[in-house]
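>>> Show me the folded form of this:
(one chain, ligands or ions: 2)
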Amino acid sequence: MYVMNTLADVWSCFTANFYKKSSDIPSNSLPAIAKYMADTSKNVLVMAGAGLSTHSGIPDFRSPGTGLYDNLQQYNLPYPEAIFDLGFFVRDPRPFLSLAKELYPGKKYRPNLGHYLARLINEKGKLLRMYTQNIDGLERLAGLPPEKLVEAHGGFSSASCISCFKEHDPDETREAIFRGEVIRCTNGKCKGLVKPDIVFFGEALPDRFFLYQDDVLWADLLIVIGTSLEVYPFAAIADEVPRDVPRLLLNRDVVGSFGMRKHDTIVTCDIIEGVTRLAKELGWHEELMELYAKHEPCM
Ligand code: OAD
Ligand code: ZN
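Ligands and ions are numbered 1, 2, ... in the order given. The predicted model follows:
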């Protein structure tokens, strides 16, 4: 799906990138990229994954030992990713449905400093968009406005039939899942399986993912946080930003093509430590802590 742009849009985007001065491009250190972010950058693109929510108590997928894919023994799966595989779901929906009970967003999980940093970037007028693979809804809970957010792998706030795509009531779907029932479509004779609209392997991403395809052209800084960049098409965004756009990675491991570009900055540490260091370099640390404390009183 492509989005039409006016010629003026295309022209101003082209000239914005063409006239970017080489002196604006930071060298590869956190202080340098923070200075660029504070002084120059206006269109920060953020990409996030499950690592962002581990400090909220939600395990990621691929961390050895603690990741979800290492802890699915009770479901007797042929391979761990089968739990989110559409073909497998059709054969046996029960493993996913019982895991879904655990994954449903609720009062149990709260946003952490990383989510609030994204909000603060937006409040400073610098956030172009945040793309998240997370289905926990914590970005919205942290107060990121919907128009700035792309939940690339969907979420639990809607549900539909995997055969005829009829929308089903998300609350009824949740209640049925909590009762341990397999839900069947009520559209005529369909009887297809119904599940929350989280994207499975073998399914298309939501239309919204393709709505802002030119974000990569507008971005003047990319921040990648807490993702292995192993799942496409999401991971491709990191390579679609032009080569002269600085990229900052806050993650325990070096992932994707990070390190292969001149303007890459890699901070391999715990997310909260990375976020705290970045906020301090930006001179935003106090504000970030205030924002967090205001909304999350039990620190
Ligand atoms: P992964 O589990 O693949 O990657 C999480 C990344 O975050 C890893 O590189 C970890 O090292 C890092 N990480 C975790 N905790 C951290 C911490 N406290 N500090 C620093 N780094 C930390 O998760 P995703 O990349 O989000 O898809 O996985 C992508 C997709 O694969 C998910 O959306 C899901 C899954 O299959 C679907 O459900 C369709
Ligand atoms: Zn149906």
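
>>> drop to CA atoms for contacts and neighbour counts, all remaining ones
OK.

>>> Now the stretch 101-250 of the chain against ligand 2: closest residue?
At 4.0 Å from ligand 2, Cys164 is the closest residue in the stretch 101-250 of the chain, using C-alpha to the ion.

>>> Quick one: neighbours of that residue, just the number.
Around Cys164 there are 14 other residues, counting by other C-alpha atoms under 10 Å.

>>> Wait, a helix at Lys42?
No: per DSSP: H, G, I helix; E, B strand; the rest coil, Lys42 lies outside any helix segment and is coil.

>>> so what's it up against?
Lys42 makes contact with 125-128, 220, according to C-alpha atoms under 8 Å, 6 or more residues apart in numbering.

>>> Just the buried residues out of the residues you listed, in PyMOL syntax.
Command for PyMOL that selects the buried part of the contacts of Lys42, burial taken from 16 or more other C-alpha atoms under 10 Å:
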select buried, resi 126+127+128+220
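
>>> could the contacts of Lys42 go into a markdown table alongside pLDDT, distance to ligand 2 and secondary structure?
What follows is those, written out as a markdown table (pLDDT from 0 to 100; distance: C-alpha to the ion, whole Å; DSSP: H, G, I helix; E, B strand; the rest coil):
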| residue | pLDDT | distance to ligand 2 | secondary structure |
| --- | --- | --- | --- |
| Gly125 | 98 | 43 | coil |
| Lys126 | 98 | 42 | coil |
| Leu127 | 98 | 38 | strand |
| Leu128 | 98 | 37 | strand |
| Asp220 | 97 | 43 | coil |
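
>>> Quick one: residues contacting the residue of the chain positioned farthest from its centre.
Distance from the centre of the chain peaks at Lys189, with 36.5 Å (C-alpha atoms, centre = their mean). Listed by C-alpha under 8 Å, 6+ apart, Lys189 has no contact partners.

>>> pretty sure Leu103 is touching Asp136, no?
Yes: between Leu103 and Asp136 a contact is recorded at 7.4 Å, counting by C-alpha atoms under 8 Å.

>>> sorry, back to before: would you check which pair of the contacts of Lys42 lies furthest apart?
Farthest apart among those by C-alpha to C-alpha are Gly125 and Asp220. That separation is 13.4 Å.

>>> on that earlier part again, which of Leu103 and Asp136 has more neighbours?
Neighbours per residue, other C-alpha under 10 Å: of Leu103 and Asp136, the larger number sits with Asp136, 23 against 14.

>>> Doesn't the more buried one belong to a strand?
No: under three-state DSSP, Asp136 falls outside any strand and is assigned coil.

>>> How about the contacts made by it?
With contact taken as C-alpha under 8 Å, 6+ apart, Asp136 is in contact with 103-105, 155.

>>> residue ranges with poor pLDDT in the stretch 101-250 of the chain?
Across the stretch 101-250 of the chain, the ranges flagged by pLDDT under 70 are 107.

>>> And the helices in it?
Remark: helices assigned in the stretch 101-250 of the chain by DSSP state H, counting those that start in this stretch are 113-123, 138-141, 170-178, 207-211, 215-218, 237-240.

>>> Which among the ones you listed is found nearest to ligand 1?
Checking the helices of the stretch 101-250 of the chain against ligand 1 by C-alpha to the nearest ligand atom gives helix 113-123 as the closest, at 10.2 Å.
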